[in-house]
Structure formats: C-alpha cells, structure tokens
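1. pasting the sequence and the predicted model now:
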Amino acid sequence: NNTVNTYMTASRRFCEFLVELGVLQQNPAWSVHGSAQNFNITRISLREVSQAISKISRSSILGKRDYAFLSAIFECGATISELINADVGDLKRSGDAVELRVKPKGTRGKYEVIRLSAGARAALYDYIDARGPVASDFPLFATVRVGRATKKRLSFRGARAAMRKRLMFDDQRALRLDSL
C-alpha cells in the first residue's frame, strides 16, 4: 500500500534526523520496511495503438478533436500539456510544412517548434474546419458541449479522460497518457 510505504519512509527519515541531532543513539525504524509493491505492466504494441486511433469515429466534432489530439501525440511527439496550452494562432506555415509553436512545460518565454506530419496536419485542419471560424487566440483544443466546440480550453484532466476512453484496448488494458 502506497500510504503505508509513505508513512514508513517518513518514520525512517525522521528517526535518522533524530539520530543526527543526538536525541536517539540508533534508528529504531531502520529495519522496518513497507509492503512490497507489485507492478503489473502489460505491454501494448504499436499496432494496437494504431488500431485504437484508427477506430475513432470522425463523424462528430468530438471524434475529430480526439483523433487530431492523438495524431499530434503519436505522430509528432507532442505532449498533452503542449497541446492543451496551444492556441490556433500557434499554427504556422513554413514552406510546405506546418509547424506548431508550443511552450514546453516549465519554460518562460521560450517556444519550441513541432513539425506536423501529413496525417496529423490533415486531422488537425479537419478538426479546425469543423469548429468553424475562430480567432487566433482561441485554444487549439477546446471542450465540446452538445456537439459544438466551445471557447474554453481543454483541461489536462479532460484530455486524459478523453484519451483514456479512446485508448481502451479491452476491459483490462488501456494506454495511460499520464507521462506524456
């Protein structure tokens, strides 16, 4: 249990602190450890990820948004935080290529460029066209209410929930995007 392990680590460190201060002669919690943790990691193949993305119905604006979001992640290496913080005006043409200027997490004033693949670019423009005319300062990925995109930025929690739903492989396995 994570809670037990956290308490045990805190107890060991506190007792070590007391030893350093001279309050205790030795650390009584040094030999006490928490419960062993089992991590069951199920491998998901690239083919399964591609199949899950291709199954997303793009007949609704929600499907178009999620497909474009996942295409940008898996085809271009974008992260969730980069995409949810991007605005429509961050899309720039550079010759034949289309680039997305993003602010990486934790940086101030510094932009990075993500070059969009042909598939991600097509999916993104399909989603933007379905949204209708929007200003350049509108969020690139917006929440969807009653079949229409809003002006409200998609939250990190909302993006994770939508992607978890889209990337369910079976009852037991889903691709988690927590670290992206």
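-> Everything's here; your move.

2. the protein: strands as residue ranges?
-> 91-94, 97-102, 112-115, 142-145, 148-153 (DSSP state E).

3. ok, which of those comes nearest T6?
-> Set against T6 and scored by Cβ to Cβ, these come closest in strand 148-153, at 33.1 Å. The C-beta positions use only the backbone N, C-alpha and C, and glycine is treated the same way.

4. now the longest helix along the chain: buried residues?
-> Longest helix of the chain, by residue count under DSSP state H: helix 2-21. Residues 12, 15 are the ones in helix 2-21 that count as buried (16 or more other Cβ atoms under 10 Å).

5. pull the residues that contact the helix or strand bottoming out on mean pLDDT in the chain.
-> Ranked by mean pLDDT, DSSP states H and E, the weakest helix or strand in the chain is strand 148-153, scoring a mean of 79. With contact meaning Cβ atoms under 8 Å, 6 or more residues apart in numbering, strand 148-153 is reached by 61, 65, 84-85, 130-132, 138-139, 141-144.

6. and the residue nearest to F14 when sequence neighbours are not counted, what does it touch?
-> Spatial nearest neighbour of F14, chain neighbours left out: A29 (7.9 Å); criterion: Cβ to Cβ, 6 or more residues apart in numbering. Listed by Cβ under 8 Å, 6+ apart, the contact set of A29 reads 8, 11-12, 14-15.

7. which one of these sits closest to A120?
-> Using Cβ to Cβ, the contacts of A29 come closest to A120 at M8, 45.7 Å.
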